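Novice: Provided below are the primary sequence and the corresponding predicted coordinates.
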Amino acid sequence: MKKICFAFFILLALTIASIPAHAAITTSQNDDAVKVFLLTGVEGVGQESTIPLGLDIKLATGWHTYWRSPGEAGFPPVIDWSKSIVGDGNLKSARLLYPAPTRYMAFGLETIGYKDHVLLPIDAELKTPGKPLTIDATLDLLVCNQICVPKHFILKLTVPAGPATPSGDAALIKQFRDRVPVNEEQAGLHITNVAVDGQNMIIDLAAKEPLQAPDLFIENNQDIPFTAPAVTLAPDRLSAKLTAKSAPLAEGTSLGGMTYNFVVVDGARALEQKVDVPPTAATSPPPPPPAAETAQTPATTTPDIPALPLGLVILFAVIGGFILNLMPCVLPVLSLKLLSVISHGGGEARVVRHSFLVTAAGIWFSFLALAIATISFKEAGIVIGWGVQFQQPVFLGFLILLLTFFAANMWGLYEIGLPRWLADNLGGPYHPKLASDFIAGAFATLLATPCSAPFLGTAVGFALAGGPQEILIVFAALGFGMSLPYLAVAAWPRIATILPRPGHWMISLRHLLGWALALTALWLTWVLAAQISERGAFVMGLCMLGILGLFGLQRIRPRSYINFGIFSFALLAFGITLSGSFSPKPNATIDSGWQMFDEATLVQDVAAGKTVFVDVTADWCITCKANKKLVLSSDVIQQRLFHSDIIPMQADWTNPNPLIASFLHKYGRYGIPFNAAFGPGAPQGIALHELLSEEAVLTALDKAEKVPQP
């Protein structure tokens with residue numbers, strides 16, 4: 001069975017020390033999916049000003065990588081030469097060339113790139129001819145099979161001083177250099193006319209030699225993808241008409257008024273030709289909508305969300321469910337997980353297996369319950385989304401009560417018993433801790449739902465856009481993915497039994513972990529204040545303190561009326577949250593310096609040529625808070641957002657807001673965090689991944705700010 005790897009494998013280069021002084025020193029880096037070699041076409045630099053190099057990429061069977069314009073999905077190779085340029089490497093510049101690519105389908109999407117083996121020629125220009133060339137660079141490469149895995153490689157190579165005689169790899173480099181598209185005269189191909197008809201780009205192609213099966217790849221500064229062309233060959237095969245269809249265009253725009261780079265591939269021939277396509281009448285903007293309709297105008301046209309095969313979505317759901325175990329939202333439950341493992345130290349394998357199977361069952365049961373609730377809400381016409389239950393005061397109140405009871409249990413104020421019928425069905429001696437295990441699994445699921453992990457957003461978007469069957473299948477896969485760590489311990493109980501036996505030290509640990517749960521309850525009470533009122537949240541907190549106090553009193557002097565008091569406080573807390581559900585919601589709040597999100601304003605700003613960065617967040621979204629703390633609050637991003645012409649726009653989704661939900665649905669998102677950059681270069685918006693990075697935000701802003709060339 002193939003293992004799915006989520007980490008970047010950085011392999012240290014092999015240094016060859018004892019070789020002749022006139023030979024070039026190169027390195028290679030390998031893993032199961034791809035082997036990368038940095039090659040030189042000459043043994044020495046001689047007196048040449050430009051040295052031929054080659055990035056040799058050998059892919060395992062079934063794997064592929066991408067061209068500079070990858071199509072509907074993918075990412076091109078990226079090489080960072082900066083160390084070699086600014087240091088003593090004698091490198092002035094490096095130009096990466098791309099052999100003619102091929103077109104193929106991957107995950108139901110049309111992509112452009114390479115399979116099996118490709119070498120990307122490199123022209124390395126020297127600062128000083130005659131001096132040795134030393135390369136110290138990095139390569140980021142995306143390779144895909146059934147999954148896509150980013151790879152990071154370190155490239156090192158030394159070409160010493162000496163005669164520039166051809167190396168042993170010179171023929172291989174020349175072989176792939178001959179496949180790089182060339183101009184009209186060299187290729188024997190020529191684009192004689194370009195016409196635009198709606199979404200169709202029509203190319204007239206002439207050839208000196210008869211055409212075989214020409215293919216057309218279209219590049220443009222708007223990153224508009226095109227389908228494979230329909231080809232009509234002339235009877236003599238010396239000319240052809242190629243018609244390629246673009247993706248849906250934004251209203252009021254056309255394919256005219258841009259410079260296109262056309263790459264035509266016909267057998268061993270490949271042409272690269274730039275053509276300026278004049279504007280067409282369709283580029284004139286339509287009249288503005290009436291004022292009454294402005295608020296309903298979408299910020300952009302709804303982006304195309306490609307349909308994915310169900311099998312791939314299930315795989316994404318399993319991966320996303322597994323990653324939920326590592327997300328900030330689930331960190332409070334780590335105390336229960338940690339204690340569950342430690343408590344079985346020195347115990348029996350059978351007891352460990354039962355315990356962790358019950359926890360996995362709690363996770364799976366909760367996901368199926370969420371699926372059924374989601375189906376019910378959707379059938380009733382209620383706006384649905386991932387984590388929207390955190391917008392309901394009653395749900396928050398239930399979690400606060402549950403956390404309080406869990407904390408009391410960790411402090412030894414009471415014990416949870418498993419219903420006898422469930423214990424009997426599990427077989428063997430009755431184990432009172434199994435109830436805690438089941439509830440811990442269900443509890444982990446509840447706290448995980450405000451998190452939107454990588455892969456999870458795609459899976460949930462597919463499910464919520466589908467019917468009841470898709471929702472049940474995807475949510476079941478999410479539950480299976482999240483329960484994988486528990487199933488692993490159940491399969492190999494020795495993971496837990498080899499730990500030291502529990503002792504007095506565990507009492508102190510339980511108390512410490514109980515405080516972690518209590519702090520989580522305090523955080524949720526703060527979130528509740530944003531949904532009902534500060535006074536209501538304060539009374540809720542007093543109820544929780546009252547419950548803990550009565551639990552302590554019951555431990556010292558058991559009395560039946562004390563249980564009644566606990567029940568009364570819990571009922572009062574429920575009443576507070578229930579009344580908050582029917583009271584007016586507090587106004588949305590945004591961070592200082594941000595502009596309140598308004599879709600109509602976003603439309604106007606983008607139409608005026610401005611760049612807008614949108615952040616959809618909520619008080620209950622811990623991943624949003626992590627993005628803000630680690631990325632959006634960094635000096636680099638703050639400088640870019642608040643000290644330039646960019647408009648930072650924030651949407652607060654702490655409370656239900658159908659306009660925000662509708663905005664998210666246009667991008668196939670049903671949960672947060674959600675961040676996107678809009679501007680002249682990206683009128684449809686560039687949606688970012690759930691976990692932000694400074695580089696991703698800056699890249700999206702650069703792309704959105706780029707003004708299309710006339």
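Specialist: Done, it's in. Numbering: from 1, shown residues only.
Novice: from here on, contacts and neighbour counts on C-alpha atoms
Specialist: Will do.
Novice: Output the contacting helices and strands for the helix or strand harbouring Thr134.
Specialist: If you go by DSSP states H and E, Thr134 is part of strand 133-144. Here strand 133-144 touches strand 64-71, strand 78-80, helix 82-86, strand 91-96, strand 148-159, going by 3 or more Cα pairs under 8 Å, 6 or more residues apart in numbering; DSSP states H and E.
Novice: Tell me which of these is the most buried.
Specialist: Compared across these, strand 64-71 shows the largest average neighbour count, a mean of 22 (mean count of other Cα atoms under 10 Å).
Novice: on that earlier part again, could you dump the helices and strands packed on strand 133-144 to TSV with mean pLDDT and distance to Val264?
Specialist: Shown next, in TSV, are these (pLDDT from 0 to 100; distance: least, Cα to Cα, whole Å):
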stretch	mean pLDDT	distance to Val264
strand 64-71	89	14
strand 78-80	91	24
helix 82-86	87	33
strand 91-96	93	19
strand 148-159	87	28
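Novice: I'd like to know how far Arg103 sits from Ile218.
Specialist: Arg103 sits 12 Å away from Ile218, going by Cα to Cα, to the nearest Å.
Novice: Need the residues touching each of these two.
Specialist: Counting by Cα atoms under 8 Å, 6 or more residues apart in numbering, Arg103 and Ile218 have no shared contacts at all.
Novice: Distance from the strand holding Thr134 to the middle of the chain?
Specialist: Relative to its chain's centre, strand 133-144 lies at 22 Å (Cα atoms, centre = their mean, to the nearest Å).
Novice: do stretch 641-648 as well
Specialist: The answer for stretch 641-648 is 24 Å, by Cα atoms, centre = their mean.
Novice: and what of stretch 404-414?
Specialist: Centroid displacement of stretch 404-414 relative to its chain, using Cα atoms, centre = their mean, is 38 Å.
Novice: just to revisit the earlier point, and Arg103 and Ile218? which has more neighbours close in?
Specialist: For Arg103 versus Ile218, the count of surrounding residues by other Cα atoms under 10 Å is larger for Ile218: 23 against 17.
Novice: between the strand holding Thr134 and strand 64-71, how big is the angle?
Specialist: Relative orientation of strand 133-144 versus strand 64-71 (axes from the mean of the first three to the mean of the last three Cα atoms, to 10 degrees): 80 degrees.
Novice: how about the residue lying closest to Trp67 once chain neighbours are set aside, what does it touch?
Specialist: Excluding its sequence neighbours, the residue lying closest to Trp67 (Cα to Cα, 6 or more residues apart in numbering) is Gly113, at 4.4 Å. Contacts of Gly113 were listed using Cα under 8 Å, 6+ apart, and they are His64, Thr65, Tyr66, Trp67, Pro70, Pro101, Thr102, Arg103.
Novice: and what of Gln212?
Specialist: Contacts of Gln212 (Cα under 8 Å, 6+ apart): Arg237, Asp266, Gly267.
Novice: These, buried ones only, as a ChimeraX selection?
Specialist: Command for ChimeraX that selects the buried part of the contacts of Gln212, burial taken from 16 or more other Cα atoms under 10 Å:
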select :237,266
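Novice: Among the contacts of Gln212, which one sits closest to Leu59?
Specialist: Gly267 (22.3 Å; Cα to Cα).
Novice: shouldn't that closest one be in contact with Pro210?
Specialist: No. Look at Gly267 against Pro210 with Cα atoms under 8 Å: they stay out of range, at 11.0 Å.
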